[in-house]
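Participant: Pasting the sequence and the predicted coordinates here, then a few questions.
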Amino acid sequence: MNLHDLSPVPGSRRKPKRLGMGLGSGQGKTAGKGHKGQKARAGHSVSLHFEGGQMPLSRRIPKRGFSNFRHATSYQIVNVHDLSERFDSGAVVGAEELAAAGLIASASEPVKILGDGDISKGVTIKANAFSSSAKSKIESAGGHIEVI
């Protein structure tokens with residue numbers, strides 16, 4: 001196969017409509033745009049929520065409430081049993097170590113330790129937040145907690 005042998009698939013390329021080429025073409029005179037009006041003009045573009053100058057529905061309806069979503073802190077979650085599986089006793093575990101072990105996605109975002117599972121190793125853990133059950137399980141296993 002050579003470059004000069006290549007051709008488009010039959011039926012994949014068609015010529016554009018020749019708009020406004022006389023009444024006999026079927027697309028003459030107004031070129032399929034109807035008579036006058038905003039959509040018949042050159043360069044027309046109307047956004048979906050535009051209602052012809054009338055006050056849009058999104059502004060007519062009263063607004064209530066408050067969403068805290070953009071202000072809420074979202075934590076990366078690590079469970080206690082994941083820590084006991086991946087780290088030895090006496091280890092100091094921070095965000096960098098958790099990211100290296102593949103337990104969290106990013107070392108720069110906040111981390112919260114939850115108490116799902118059991119831990120039997122005394123590990124020092126540095127995180128942004130701890131659940132109460134995680135605190136008690138880590139401390140009862142001989143570990144230490146440091147809130148960043």
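Facilitator: Arrived safely. Being a predicted model, the structure only gives us computed values, none of them experimental.
Participant: use CA for all of it now, contacts and neighbours both
Facilitator: OK.
Participant: now stretch 115-126, how far from the centre of its chain.
Facilitator: Its chain's C-alpha centre and that of stretch 115-126 lie 32 Å apart, by C-alpha atoms, centre = their mean, to the nearest Å.
Participant: State the mean pLDDT of it.
Facilitator: Mean per-residue pLDDT for stretch 115-126: 88.
Participant: List the buried residues of that stretch.
Facilitator: 115, 118-126 (16 or more other C-alpha atoms under 10 Å).
Participant: Then stretch 29-39?
Facilitator: For stretch 29-39, by 16+ other C-alpha under 10 Å, it's 29, 31.
Participant: Tell me where the longest helix sits in the protein.
Facilitator: helix 132-140 (DSSP state H).
Participant: The residue lying farthest from the centre of the chain: what's it in contact with?
Facilitator: Largest separation from the mean C-alpha position in the chain: residue 24, at 52.2 Å (C-alpha atoms, centre = their mean). Listed by C-alpha atoms under 8 Å, 6 or more residues apart in numbering, residue 24 has no contact partners.
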